[in-house]
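Enquirer: This is the structure alone, sequence omitted:
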Ligand SMILES: Nc1ncnc2c1ncn2[C@@H]1O[C@H](COP(=O)(O)OP(=O)(O)OP(=O)(O)O)[C@@H](O)[C@H]1O
C-alpha cells in the first residue's frame, strides 16, 4: 500500500521552475531515500509532502490526506526532523521531548526514546550543552515522539562519528521494523546503500532514476575493472571477450576493463583457454558510480 503518492508535482519560486512535474510513491514500511546534488528540489519536495509548502501543480496524498487541506489531521500522523536552529539553547532534553509529546494526541513514552537513542544520562542536560551527535539523536527522537506513521529524516547522520553513524543506522532499521515508513534525505551514499529500500535520484527538478540501490548500481553501464596475476598462458585473448573494453598487462599483473557482466565472461574464457590466474579482484561498482553516471557529478567533491 502506498502511504505517499505524488503525481506531477510542480513548484516555482519567483517564476523559476524548481520541480518539473515529478511523480513517485512511497510504500508502507519502507525506507525511501531522496538523493541529489544541492539545489535540485529535494527539500522543496519533502516540504510539499509535509504540507509546509504549497505546490503550484499536481497532487499529493499522504496516508490518503491532502497535506494542505487536511494539514491539521496529517500533522498528527507524521514526524519531521527539526533543523538545528529550531530549539532554544537552554531547553533541557526531557523538556524538549515532553513539549513535543504534548503536541500529539497519542505520543510515545519519551523515556523509552531517551533509552533507545542513548540520551538517558543527558535527560537534564541543556540543548546548547549537547555534542553534535547528541543533538542529532535528540532531533531524531523528537521526530518519533508523536508515534508517527511516517517519519521524515533529513541529513540523519551529519556530524556523527563513524561508530555513532552505524549505531544510528541500526536504530533506524528498528524504526522500520516497528512499521514506521521513513523518508530519508541524504547526501551519504553509504547511508543510502545501507538503509534505503528504494531511492529517488533528483537532478534539476526531475527524478532521473528511482530504484533499489542495487538496481541503480546494476542499471548503470559504467566501466569497471577486474585485476589478476597471470600464472600461465596469455591474457591478450581476453580483448575478444564480450563486454571487455581494454586489457593492459604490466609484468604478470593484468587489468581488464569492461562493461556489464563482463567479469563472468572473462572468468569463463580464462578457464576455457586453460589460463591460470591468481589474486583475482573485481572492483565493485558503487552507488556513487551510479550517481555520477546519472547526474554527471559526484556528491563528494
Ligand atoms: N523560498 C524560496 N524562495 C526562492 N527560491 C527558493 C526557495 N526555496 C528554495 N529555493 C530555490 O529552489 C531550488 C531548490 O531548492 P531546494 O532547497 O528544494 O533544493 P535541495 O535539493 O533540497 O538542496 P540542498 O541539498 O542544498 O538542501 C534552489 O535553487 C533554491 O535556491
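Expert: That came through, no problem. Note that the coordinates shown come from a computational prediction; the quantities given were computed from them, not determined experimentally.

Enquirer: Flag every residue of the stretch 1-150 of the chain that's near the ligand.
Expert: Applying C-beta under 6 Å from any ligand atom, one finds that the stretch 1-150 of the chain approaches the ligand through 13-14, 18, 36, 38-44. No exception for glycine: its C-beta is placed from N, CA and C like everyone else's.

Enquirer: now do 8 Å
Expert: Contact residues, the stretch 1-150 of the chain versus the ligand (C-beta under 8 Å from any ligand atom): 13-14, 16, 18-19, 36-47, 53.

Enquirer: where does the stretch 1-150 of the chain have low pLDDT?
Expert: Along the stretch 1-150 of the chain, the model assigns pLDDT under 70 to residues 84-85.

Enquirer: rerun that using 80 as the cut-off
Expert: Along the stretch 1-150 of the chain, segments meeting pLDDT under 80 span 82-86.

Enquirer: Return the subset of the residues of the stretch 1-150 of the chain next to the ligand lying in helices.
Expert: Counting by DSSP state H, those place 42-47 in helices.

Enquirer: Would you write out the PyMOL command that picks the buried residues out of these?
Expert: This is the PyMOL syntax for the buried subset of those, where burial follows 16 or more other C-beta atoms under 10 Å:
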select buried, resi 42+43+44+45+46+47
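
Enquirer: Distance to residue 29 for the ones in helices among the residues of the stretch 1-150 of the chain next to the ligand - can I get that in a markdown table?
Expert: As requested, those are exported to a markdown table (distance: C-beta to C-beta, whole Å):
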| residue | distance to residue 29 |
| --- | --- |
| 42 | 22 |
| 43 | 24 |
| 44 | 26 |
| 45 | 21 |
| 46 | 19 |
| 47 | 23 |
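
Enquirer: Would you point out which residue is most central in the chain?
Expert: With the centre of the chain defined as its mean C-alpha position, the nearest residue by C-alpha atoms, centre = their mean is residue 192, 3.2 Å away.

Enquirer: name the element the closest residue to the ligand within the stretch 101-250 of the chain belongs to?
Expert: As assessed by C-beta to the nearest ligand atom, the ligand sits closest to residue 202 within the stretch 101-250 of the chain, at 6.2 Å. Using DSSP states H and E, residue 202 maps to strand 198-203.

Enquirer: Over to residue 215?
Expert: Going by DSSP H and E, residue 215 is in helix 213-219.

Enquirer: what ranges do the helices span in the chain?
Expert: 42-50, 71-75, 93-101, 110-116, 132-144, 162-177, 189-195, 213-219, 262-272, 287-295.

Enquirer: What score does the residue of the stretch 101-250 of the chain closest to the ligand have for pLDDT?
Expert: Reported pLDDT at residue 202 in the predicted model: 93.

Enquirer: so what's it up against?
Expert: Applying C-beta atoms under 8 Å, 6 or more residues apart in numbering to residue 202 gives the contacts 34-37, 40-42, 45, 208.

Enquirer: Among the residues you listed, name the buried ones.
Expert: For the contacts of residue 202, a neighbour count by 16+ other C-beta under 10 Å gives the buried set as 34-37, 40-42, 45.

Enquirer: now the residues you listed in JSON lines, with distance to residue 80?
Expert: Formatted as JSON lines, the buried ones among the contacts of residue 202 follow (distance: C-beta to C-beta, whole Å):
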{"residue": "34", "distance to residue 80": "14"}
{"residue": "35", "distance to residue 80": "19"}
{"residue": "36", "distance to residue 80": "19"}
{"residue": "37", "distance to residue 80": "23"}
{"residue": "40", "distance to residue 80": "20"}
{"residue": "41", "distance to residue 80": "18"}
{"residue": "42", "distance to residue 80": "14"}
{"residue": "45", "distance to residue 80": "14"}
